[in-house]
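Participant: coords below, sequence missing:
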């Protein structure tokens, strides 16, 4: 019996085994999982870094807009960090130290007073310190102010501390603008002003000319203080100094109004006109009564006034009076001076009339005491320097 033909065996394609994952597959998935976790940590770290470095910082106490922080001279990074932390402008001293180290500014931070805005980020705080944006305070002693006024200036400066135990001698303070630090003692500022005055006077004394009447630096200081109080116009100081120099050489009294006022107020403004009784008052400084120089300066003169006394103009002037424009007019003779005084009184009366809304003639007619009569142009001595009444008051 014949056998049935058999079919050739077909080749089966092996199927991929299904079952537990092998070691290689487990490692791959583990790496993916670990990478994802690391990425999440990295993102979280960056967010935390942003929040700490660029995010809002602590708010100032009491709702203030800024916090004032003072970094002492010679302080190292640890002290600076501690001061900032105590002031409430940073949250962590370690993070601050790391931040300035990474930015390379740890050697750029200088002593001083800094204003940190409320809520400033750590980045902002570092920038403020690195750029040296410190707060600077100044105290100015104007030229011609008395020592008592200088003490008042210092006592009104809130960043200074302590008391001025005694009003300094007149003329021993140098008029200047001084930089001061918060917490600096007022007496220490006075000492600085006095050192500057002594140094400047010594240097200026060496530049004196033979024409000066001053025999000592102290005499120069006394006369300069009178010049300073008489005029604040740069171009006039040498002329005023010349008038006083000429008077002293001739034995005439200086007759300076500021010396009367100093005897009354010790340099503070009088606030009114000088009375006849005060002109005649016998005080040590009243140059209408005493001859020569007063015993002390009557103010703290500036450099230009001292220079004017040490190098006065060469002139024959013996008198001067205000000219109504902020300056003065000078005269060689008493006759010329009386003319200038009369003109000045006329200017004052005309201005008073205009300010009162009255006709100019209302205060210059015969019914009113007009003082010295105004001379006509043909009566003016040849070569006399006289006040010209401003056109707007005519």
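Facilitator: Now that the structure is in, tell me what you want to look at. Quick caveat, the model's predicted, so the values are computed rather than measured.

Participant: now do the helices in the stretch 1-150 of the chain.
Facilitator: 23-49, 77-87, 93-103, 122-130, 147-155 (DSSP state H, counting those that start in this stretch).

Participant: show me where pLDDT drops low in this structure?
Facilitator: Within the chain, the segments meeting pLDDT under 70 span 1-52, 356-394.

Participant: counting neighbours, what do you get for the nearest residue to residue 175 once chain neighbours are set aside?
Facilitator: Spatially, and ignoring its direct neighbours in sequence, residue 175 is nearest to residue 143 (4.3 Å; CB to CB, 6 or more residues apart in numbering). To be clear about C-beta, it is placed using only N, CA and C from the backbone, and glycine gets the same treatment. Close neighbours of residue 143, defined as other CB atoms under 10 Å, add up to 17.

Participant: gap between the residue nearest the centre of the chain and residue 167?
Facilitator: Closest residue to the average C-alpha location of the chain: residue 138 at 4.0 Å, with CA atoms, centre = their mean. Between residue 138 and residue 167 the distance is 22 Å, computed by CB to CB, to the nearest Å.

Participant: if I pick the residue nearest to residue 175, what's in contact with it?
Facilitator: Going by CB atoms under 8 Å, 6 or more residues apart in numbering, residue 143 touches 175, 228, 232, 300, 301, 302, 304, 305.

Participant: for it, give me phi and psi.
Facilitator: phi -60, psi 140 (degrees, to the nearest 10).

Participant: residue 246 too?
Facilitator: phi -60, psi -40.

Participant: just the contacts of residue 143: which are in helices?
Facilitator: 228, 304, 305 (DSSP state H).

Participant: most neighbours among these, please name it.
Facilitator: residue 305 (30 neighbours).

Participant: list the contacts for residue 115?
Facilitator: Neighbours of residue 115 in contact, by CB under 8 Å, 6+ apart: 66, 67, 68, 69, 135.

Participant: among the residues you listed, the buried ones, what's the PyMOL command?
Facilitator: To isolate the buried ones among the contacts of residue 115 in PyMOL, judged by 16 or more other CB atoms under 10 Å, type:
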select buried, resi 67+69
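
Participant: distance to residue 222 for the contacts of residue 115 - can I get that in a markdown table?
Facilitator: Formatted as a markdown table, those follow (distance: CB to CB, whole Å):
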| residue | distance to residue 222 |
| --- | --- |
| 66 | 47 |
| 67 | 49 |
| 68 | 43 |
| 69 | 46 |
| 135 | 39 |
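
Participant: just flag the most distant two among the contacts of residue 115.
Facilitator: 67 and 135 (11.7 Å; CB to CB).

Participant: gap between the two ends of stretch 155-164?
Facilitator: In stretch 155-164, first residue to last residue: 8 Å (CA to CA, to the nearest Å).

Participant: please apply the same query to stretch 260-279.
Facilitator: Span of stretch 260-279 from end to end, CA to CA: 6 Å.

Participant: do stretch 321-335 as well
Facilitator: Stretch 321-335 has an end-to-end distance of 13 Å (criterion: CA to CA).

Participant: do a quick rundown of the strands in the protein.
Facilitator: Taking DSSP state E as the criterion, the chain carries its strands at 66-71, 112-117, 134-135, 137-140, 177-180, 319-322, 328-331.

Participant: ranking those by burial, who's on top?
Facilitator: strand 328-331 (a mean of 24; mean count of other CB atoms under 10 Å).

Participant: so what strands line up beside it?
Facilitator: strand 319-322 (antiparallel) (DSSP bridges).

Participant: alright, that wraps it up for me.
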